[in-house]
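J.: Sequence and predicted model, in that order:
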2 protein chains.
Amino acid sequence: MYNEVMYAMGVEPSVIRELFAYGVARKAEIGADKVFDFSIGNPSVPAPASVGHALEEIAQLPPAQVHAYTQAAGDPAVRTIIAENLNARFGTDYTAANLYLTCGAAASLSISLKAVLEPNEEVVVVAPFFPEYRTWIETHGATLVMVPARESDFQIDLDAMAAAITPRTKAVIINSPNNPVGVVYSRETLEGLAALLNAKQDEFGTTIFLISDEPYRELVYGGVEVPWVPSIYANTIVCYSWSKSLSLPGERVGYILVPQTLRDWEHIYFAVAGAGRALGFVCAPAIFQQVIARCIDEPADLAAYEHNRELLTSMLDELGFEYIKPQGAFYLWMRSLDPDAKAFSEQAKKHELLIVASDSFGVEGWARLGYCIAPETITNSRDAFAALKADYE
Amino acid sequence: MYNEVMYAMGVEPSVIRELFAYGVARKAEIGADKVFDFSIGNPSVPAPASVGHALEEIAQLPPAQVHAYTQAAGDPAVRTIIAENLNARFGTDYTAANLYLTCGAAASLSISLKAVLEPNEEVVVVAPFFPEYRTWIETHGATLVMVPARESDFQIDLDAMAAAITPRTKAVIINSPNNPVGVVYSRETLEGLAALLNAKQDEFGTTIFLISDEPYRELVYGGVEVPWVPSIYANTIVCYSWSKSLSLPGERVGYILVPQTLRDWEHIYFAVAGAGRALGFVCAPAIFQQVIARCIDEPADLAAYEHNRELLTSMLDELGFEYIKPQGAFYLWMRSLDPDAKAFSEQAKKHELLIVASDSFGVEGWARLGYCIAPETITNSRDAFAALKADYE
């Protein structure tokens, strides 16, 4: 009497959400300072003051200027401001016509996939990967194909990627800076990927879209370069959100960029607009379109995350944990001390440490630590991590 | 190389949007006061001052309290406030657990349909109907079945409805107050529909959901009753939006109500949550969840629409046009003077009158006039309507 697949998606909380809910309950039980919750990727840095000022300013405007429907693609003036910001940073020449504003990165990805996918096609993802990719790929009728990352540094394994691409491959999704690993794909990696995809397009006579999921683009440390993907591979669609860079995850505002380098880009742009309409999106929230226009040049506040990253990596170094040094986003990818990462995550819970087993992201043997948390949580977690280490010695 | 169906949906502007765009261009050409634009259903009444005050208040709060992710279903405290408002008005006993907040009515409908539909099922709509119903029904794999309304008063034709319902009927969508006709379904109509659906459920051993699309619920004139549908038919899902009642169409905030009277309601609620997730919705915009909590008791500002309705109906009466007297929403349904309503709409354009041919809504021989416009547009349009009438005499 209802759609069983939708029911299953609704009733089965993700492991991450489940662990987070456990943490909330456990904190209520024994005190928030006794639980060391590394489970969630919710920005701990507040939105910048400029967002509050923009809201105050907008609240004074005549409401008809603010809360009305915008074009489905978003207010053209706002899109022009975003295009100019990208052009200044990346040497591109985008206009409003390349941008389709969305209700955040989830919407951007779902709409982009719906726009390009036809039945029985394949979408390649690099594992470990954000678990909702599977949800959207399968909802829109395609099959997820998983390519493990190169385990030495979690860059893309180009040989494995080459083996995974078939005539049915419609798209490859990449996420850099990466959730859950925290790596940033190097220019070399991306150029290698572009060469591979171009060769496969020629070989098969197909178009392979590179969907670049970039909500963490602004969150990088130590001057690591985040190359502009559409300048490296022509058939790129960029999915962005201000959730992380401006700490606005609840407000749902982002975009899809359909660059004019993309083969047949105007048709793809129409398909994106059609997919947004078909799924029930009408426009991105009007007030946050106006906020973004006013705050577009606001830099992401990296200091707190960078400080946490230092605290966490120093502590793990001293305790002798193995991990991938984070270059961006706010996650650290730590080797599990148990071959069964779920058992390791359960063991950690005994010390009130909440870390997500890598199985949630499609691989075994690792755990994700989100460090978008209070720095005291990190410093106070030292004994717990030491005890967890001791359990395996 | 892309999804052709999505492309077609994106590239083909709806007749309504096309007429609206023509109007914008024509106003630029000959002056806004020379074009009488009845094409669009965009609230002309501004959002109430309380919305601006709420925004100012919220802008002062610590940003982490405002812009963070809420639960996918929405902030439980906000949902409780909405449930209590409904309970006070309709004598129900809903709680937060019955409500799933959405990015507006389009999202509510798309998500509800996705939650219940399985392949090869049918959804019945009453014609004339809001054209996007077809988009969402077909996107989610079902077939739209059209039942013409009773032409005397545009209430539901129960005999035609009975003939249209089959063992494959999963849902019926109703919209009261109605776009495009402006009628409100009477208690008698709804009780008749409930008896029919209950009988058909028994006959076929199926569940038939009544999806009640109610964005205009608060917009009624002359004390007409808008019966509370779930109290009349148990298997009702309510789709609501504050777009019209608080004039916030660009902000995308509404809800799905899954009442506990609904058969197996907790499963349906999970299916709704799964569908929201599957389509790429994460949560309703956080700031407007908070605005709604503060403005829930704000009455819709009916005076302007009621005044326009008077102006328009008096004028059409004097000129001798035939129309259905509007009871709610902000549309008037006028008999076309040409059997071909599209030709009639084209003829109206010659007098700078923009009215939407009924073909867009699935029926022939009528036109929709949206009167959510400046009152001067109505009074100044008199000569144009008179000339249009004369063309057919």
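T.: The structure has been received and is ready for your questions.
J.: Which residue ranges of chain A form strands?
T.: For chain A, the strands defined by DSSP state E cover A:36-37, A:99-102, A:122-127, A:143-148, A:169-175, A:209-213, A:236-241, A:254-257, A:323-324, A:331-335, A:353-354, A:356-357, A:366-370.
J.: right, and the ones you listed - which one's nearest B:A341?
T.: strand A:99-102 (32.8 Å; Cβ to Cβ). Heads up, the C-betas are built off the backbone N, CA and C, glycines and all.
J.: which outside residues touch that closest one?
T.: Under the criterion Cβ atoms under 8 Å, 6 or more residues apart in numbering or on different chains, residues A:70, A:73-75, A:78-79, A:82-83, A:108, A:111, A:253-258, A:269, A:272-273, A:276, A:281, A:283-284, A:289 lie in contact with strand A:99-102.
J.: burial count for A:A88?
T.: 10 (other Cβ atoms under 10 Å in any protein chain shown).
J.: same deal with the one 3 residues further on?
T.: Applying other Cβ under 10 Å, we find 9 residues neighbouring A:G91.
J.: count of neighbours near the residue lying closest to it once chain neighbours are set aside?
T.: Closest residue to A:G91 apart from its sequence neighbours, by Cβ to Cβ, 6 or more residues apart in numbering or on different chains: A:S231 at 7.5 Å. The local packing of A:S231 (other Cβ under 10 Å) involves 15 other residues.
J.: same check, this time on the one 3 residues further on
T.: When neighbours are counted by other Cβ under 10 Å, A:A234 registers 17.
J.: ditto for A:R187
T.: If we define neighbours as other Cβ under 10 Å, then A:R187 has 12 of them.
J.: so it touches A:S231, yeah?
T.: No. A:R187 is beyond contact range of A:S231, at 10.1 Å (criterion: Cβ atoms under 8 Å).
J.: In the stretch 251-393 of chain A, where is pLDDT below threshold?
T.: The stretch 251-393 of chain A contains no residues with pLDDT under 70.
J.: which parts of it sit against chain B?
T.: A:251-252, A:263-264, A:267-289 (Cβ under 8 Å from any Cβ of the partner chain).
J.: tell me which parts of the stretch 101-250 of chain A are close to chain B?
T.: Counting by Cβ under 8 Å from any Cβ, the stretch 101-250 of chain A sits next to chain B at A:103-104, A:106-111, A:114-118, A:132, A:135-136, A:139, A:206-207, A:247-250.
J.: Name the nearest residue to A:T139, sequence neighbours excluded.
T.: Nearest to A:T139 is B:A278, by Cβ to Cβ, 6+ apart, at 4.3 Å.
J.: Same check on A:A77?
T.: A:A293 (7.0 Å).
J.: what about A:E151, distance to B:S112?
T.: According to Cβ to Cβ, to the nearest Å, A:E151 and B:S112 sit 44 Å apart.
J.: Looking at the two, which is more packed in?
T.: Counted by other Cβ under 10 Å, A:E151 and B:S112 do not tie: B:S112 has more neighbours, with 32 against 11.
J.: count of neighbours near the nearest residue to A:F209 once chain neighbours are set aside?
T.: In space, and not counting its chain neighbours, A:F209 is closest to A:A171: 4.3 Å by Cβ to Cβ, 6+ apart. Residues lying near A:A171 (other Cβ under 10 Å) number 22.
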